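Novice: what shape does this take:
(one chain, ligands or ions: 1)
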Amino acid sequence: MKAIMQQRVSIHQNQVWKEMMNAQKFSMKKMYLAIHERSQSVAWRTLFYGNVARPRAIVNLWLACNERLATRDRLHKYGLIDTTRCCFCNADETQQHLLFNCNETRGIWRKILEWMQVDHYPFGWCQEVKWIMQQTKGKGGRAKILKLAFTESVYEIWRYRNDVTFDNATHNKHTVEKIIDTIVYRGWTNRNLRTHLAKLLM
Ligand SMILES: [Zn+2]
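Specialist: Residues are numbered from 1 along each chain as shown. I've put the predicted structure just below:
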């Protein structure tokens, strides 16, 4: 009931609905497309269904999907820092660059993909989110592991970036190993994923 009421409010605020109320004829098709378009913008929501990653990694992914990670281009825009330079290279640190157009972070994600025996060359954030949504459509073990791996990789890469940015070199080694360990550890508790993981570990 709550969901229906919420929909009602959002439909009443919809521009197409308002136009339709003043028009001669009500078009269900137009209305459907207008609502559908809106929900398309949060299509990444599916990444959170059945995601067995650590809660903090899930929160981090949610921030990334909402484009709310405090990357340097954003901090610079608000006048909080002087430079937008990536901590790994000379490019501007945007989310698109950091995940995973930067050679350093792309290398990490590539190694994780290789370990999962997935043949894919990563690009920037926008393309990567689309790709991962495509790949994780099913409910099978492969899709679940990919979702888990993507979530944990984004999280560990963000932590790695923070360690380098704030000069704390103690955590920044072995990022790939850390991600793989977490995938195995989190995945192992799920019986359906165990067989898939066992194959990857052989
Ligand atoms: Zn870079």
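
Novice: after the lengthiest helix in the chain comes which helix or strand?
Specialist: Using DSSP state H to define each element, the chain has its longest helix at helix 141-165. Once the chain leaves helix 141-165, the next helix or strand it forms, by DSSP states H and E, is helix 175-188.

Novice: sorry, back to before: the longest helix of the chain to helix 175-188, inter-axis angle?
Specialist: If you take axes from the mean of the first three to the mean of the last three CA atoms, to 10 degrees, helix 141-165 sits at 140 degrees to helix 175-188.

Novice: helix or strand: which one has the residue in the chain sticking out farthest from the centre?
Specialist: If you look at how far each residue of the chain sits from its centre, by CA atoms, centre = their mean, the farthest one is residue 24, at 43.1 Å. Counting by DSSP H and E, no helix or strand carries residue 24.

Novice: next: residue 199.
Specialist: Following DSSP H and E, the helix or strand that holds residue 199 is helix 191-201.

Novice: quick check: which helices or strands does that helix pack against?
Specialist: helix 141-165, helix 175-188 (3 or more CB pairs under 8 Å, 6 or more residues apart in numbering; DSSP states H and E). Using the backbone N, CA and C atoms, a C-beta is placed for each residue, glycine as well.

Novice: and for that helix, what's in contact with it?
Specialist: Applying CB atoms under 8 Å, 6 or more residues apart in numbering, the contact partners of helix 191-201 are 52, 115-117, 141-142, 144-145, 148, 183-184, 187-188.

Novice: would you turn the residues you listed into TSV with neighbour count?
Specialist: Compiled in TSV, the contacts of helix 191-201 are given as follows (neighbours: other CB atoms under 10 Å):
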residue	neighbour count
52	17
115	15
116	19
117	9
141	17
142	15
144	20
145	24
148	28
183	25
184	17
187	21
188	13
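
Novice: out of those residues, which two sit at the greatest distance?
Specialist: 52 and 117 (19.5 Å; CB to CB).

Novice: next, the buried residues of the helix holding residue 199.
Specialist: 193, 196, 197 (16 or more other CB atoms under 10 Å).

Novice: got those as CSV, with distance to the ion and pLDDT columns?
Specialist: CSV is the format used below for these (distance: CB to the ion, whole Å; pLDDT from 0 to 100):
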residue, distance to the ion, pLDDT
193, 32, 91
196, 32, 88
197, 31, 92
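
Novice: tell me the one of the residues you listed nearest residue 69?
Specialist: Using CB to CB as the measure, the one of the buried residues of helix 191-201 that approaches residue 69 most closely is residue 193, at 27.5 Å.

Novice: quick one: residues contacting residue 131.
Specialist: By CB under 8 Å, 6+ apart, the neighbours of residue 131 are 120, 123.
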